[in-house]
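Trainee: Let me see the structure of the following:
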Amino acid sequence: MSAMFFFGNREGTETFMPPDRLKTAFYKAIESFPMLVGHVVPSSSSSPRELEVAVDRDNLNMPDYRETVCEHIHYSDITAAHFHRCVWPQGLMAARCIALPDPSTGHIRLVHAHMVRLKKNSGLIIYLSISHCLLDGFGYRLFIDVWAAEARALAANKPAAIPVLCFDRSSWIAWVAPTTRAHLLGLVVRILGVRGHLFRIRREKLSQLVHQISAYTPSGMRVTDNDVLTALACKTVAQATKEAYRHTPRLVTRFIDWVLERAPTQMVGTAVDIRRCLGIADANYTGNAMFVPLFENSLDQAQSPTTAESLAEIVVKVRTAIERVDCALVSGFYQMLKAGRSRLTCPMAGTTKFSIALNVTNQTRMQAYDISFGSGTPDFVTVDPEFAPGVMCIMAAPPSSADLLVNITSEAAVSDQICQNEFWMDMAELIY
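Mentor: Have a look, this model is predicted:
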């Protein structure tokens, strides 16, 4: 999980988000999240495919906390460019989309934080990356809340009111050692040339499309923004993939599918928060309380022309997959993983066994624009453009509008075609 928060010094004060206070508050927050200074290691007591976080007070895996002053970029330069990534300070993103072992220690750092102060103290950009094997979006927001609360408490010279948190030492299931897996995934990302683009979806256009699609869905079926954007991304990415490899001989693609044992279909997953389903909605559980229901589209269906009717076919699949998530399904899935009976225990398997894979995460409920360290709220919040290969992230736009921001990360050739997709670009405005 990684995101950037852009704060402007609206009052022009010298005491704007003082670095000492931010750093002290950060490490106070770390004290409330002890697993963030642990090491991800194979479990010693359960399945050999399960990982856990080992915290050793004599061998802490300390965060990578950096502070930089950028003297050549003023905050007004960034706002004038509408937060385009071309004007971001170099080296802002202190970690890659795939966490790689630190060259000096050989260990994977679980937290990277980079404070970039802009020219004349005109603004501050906070980059925060936390390993997804420890926290989901809810837990990530909890950490920021605690960090911000500690900063405000230091400014007021009083103790911070920290909520009671619920932790879990277990981590993702894996077939290989974490450092080996990181190197393998990093290699895949470099080979594919992963690229991300951020788009703005205007509320008026999205509401109109939802209305058009609803005419082709079963009577009474709930149709959400998430459902429609997922369906639209399914078709756009599938069509873009077809265009990107149009000149690749069909025999070559069939041979690749045969070697990788890939099904000629599109696999789609959309993350669902299961805290309420499990009865822990109020427990401040920080771990990965997420379940990703999967469904498939045939390539013919996914790559067919985009219309309200063809989108509705996929919207029904999205809504059905999400509404199937209940305690029995989640329990059965994790029992299967514990028993080691599924290749889904390998995090790489899901994306290699299908011709096209798309995962959707919705961060609109994070309420990122409410975050305050004591010097105002952020003007703009976004994820690392290369968030993760084959992932679409849906976010809220700045609170002055009801628009949505969508970041899609794909192979470079596919990303180029997404930006040329007629239906998609009629719906979306390219930010960068």
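Trainee: Show me where the stretch 101-250 of the chain dips below the pLDDT cut-off.
Mentor: 168-192, 248-250 (pLDDT under 70).
Trainee: roughly how far apart are the closest residue to residue 85 other than its chain neighbours and residue 216?
Mentor: Setting aside the residues directly before and after it, residue 85 is nearest to residue 432 in space (CB to CB, 6 or more residues apart in numbering), at 4.6 Å. C-beta here means a position set from N, CA and C on the backbone, and glycine is covered the same way. Taking CB to CB, to the nearest Å as the measure, residue 432 falls 34 Å from residue 216.
Trainee: Next, count neighbours for residue 285.
Mentor: Using other CB atoms under 10 Å, residue 285 has 19 neighbouring residues.
Trainee: didn't it look like it was pressed against residue 166?
Mentor: Yes. If you go by CB atoms under 8 Å, residue 285 and residue 166 touch, sitting 4.4 Å apart.
Trainee: Check which helix or strand residue 145 maps to.
Mentor: Assigning secondary structure by DSSP states H and E places residue 145 in helix 137-156.
Trainee: which strands and helices sit next to that helix?
Mentor: Identification of packing neighbours for helix 137-156 by 3 or more CB pairs under 8 Å, 6 or more residues apart in numbering; DSSP states H and E yields helix 19-32, strand 123-130.
Trainee: Now the first one: buried residues?
Mentor: So that's helix 19-32. 21, 22, 25, 26, 28, 29, 30, 32 (16 or more other CB atoms under 10 Å).
Trainee: How far does it sit from its chain's centre?
Mentor: Computed by CA atoms, centre = their mean, to the nearest Å, the separation of helix 19-32 from the middle of its chain amounts to 24 Å.
Trainee: what comes into contact with that helix?
Mentor: For helix 19-32, the surrounding residues in contact (CB atoms under 8 Å, 6 or more residues apart in numbering) are 36-37, 63, 65, 67, 111, 113, 115, 117, 143, 146-148, 150-151, 153-155, 160, 162, 165, 373-374.
Trainee: and after that helix, which helix or strand comes next?
Mentor: strand 39-42.
Trainee: what's the closest non-adjacent residue to residue 389?
Mentor: Ranked by CB to CB, 6+ apart and with sequence neighbours excluded, the top spatial neighbour of residue 389 is residue 194, at 5.0 Å.
Trainee: no, scratch that, I was asking about residue 310
Mentor: Excluding its sequence neighbours, the residue lying closest to residue 310 (CB to CB, 6+ apart) is residue 304, at 5.5 Å.
Trainee: Quick check: pLDDT value at the one you found.
Mentor: At residue 304, the model reports a pLDDT of 96.
Trainee: Residue 45 too?
Mentor: Looking at residue 45, its pLDDT is 62.
Trainee: If you drop the residues flanking it in sequence, what lies closest to residue 306?
Mentor: Closest to residue 306 by CB to CB, 6+ apart is residue 423, at 4.1 Å.
Trainee: Now for residue 35: which residues touch it?
Mentor: 53, 55, 110, 134, 167, 169.
Trainee: quick one: which of these is nearest to residue 308?
Mentor: Ranked by distance to residue 308 (CB to CB), these are led by residue 134 at 40.9 Å.
Trainee: So which residues make contact with stretch 215-224?
Mentor: With CB under 8 Å, 6+ apart as the criterion, stretch 215-224 contacts 210, 213, 214, 308, 309, 312, 313, 315, 316, 319.
Trainee: Need those residues in TSV (columns: neighbour count, distance to residue 202 and secondary structure).
Mentor: Shown next, in TSV, are those (neighbours: other CB atoms under 10 Å; distance: CB to CB, whole Å; DSSP: H, G, I helix; E, B strand; the rest coil):
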residue	neighbour count	distance to residue 202	secondary structure
210	18	13	helix
213	24	16	helix
214	17	18	helix
308	18	17	helix
309	12	22	helix
312	22	21	helix
313	18	24	helix
315	27	19	helix
316	19	25	helix
319	20	23	helix
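Trainee: Quick one: these as CSV, columns for distance to residue 234 too.
Mentor: Compiled in CSV, the contacts of stretch 215-224 are given as follows (distance: CB to CB, whole Å):
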residue, distance to residue 234
210, 16
213, 13
214, 18
308, 14
309, 14
312, 12
313, 10
315, 10
316, 12
319, 13
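Trainee: Closest one of those to residue 394?
Mentor: When the contacts of stretch 215-224 are compared for distance to residue 394 (CB to CB), residue 210 wins out at 14.0 Å.
Trainee: ok, for the closest one, nearest residue in space, not its chain neighbours?
Mentor: Excluding the flanking residues, the one nearest residue 210 by CB to CB, 6+ apart is residue 228, at 5.3 Å.
Trainee: Confirm the one you found sits in a strand?
Mentor: No. Under DSSP: H, G, I helix; E, B strand; the rest coil, residue 228 falls outside any strand and is assigned helix.
Trainee: Neighbours of it, how many?
Mentor: What residue 228 shows, counting by other CB under 10 Å, is a neighbour count of 25.
Trainee: Quick check: residue 54 touching residue 38?
Mentor: Yes. At 5.5 Å, residue 54 counts as touching residue 38 under the criterion of CB under 8 Å.
Trainee: Compare neighbour counts for these two and give me the winner.
Mentor: residue 38 (20 against 16).
Trainee: gap between the more buried one and residue 385?
Mentor: Distance, residue 38 to residue 385, by CB to CB: 29 Å.
Trainee: Could you do residue 91 as well?
Mentor: Distance from residue 91 to residue 385, by CB to CB: 15 Å.
Trainee: who has more neighbours, those two?
Mentor: More crowded of residue 91 and residue 385, by other CB under 10 Å: residue 385, with 22 against 12.
Trainee: just to revisit the earlier point, from the contacts of residue 35, list just the buried residues.
Mentor: Among the contacts of residue 35, the ones that count as buried by 16+ other CB under 10 Å are 53, 110, 134, 167.
Trainee: from those, which is closest to residue 297?
Mentor: Closest to residue 297 out of those is residue 134 (31.9 Å), distances taken as CB to CB.
Trainee: Wait, the closest one touches residue 36, no?
Mentor: Yes. Residue 134 is within contact range of residue 36, at 6.7 Å (criterion: CB under 8 Å).
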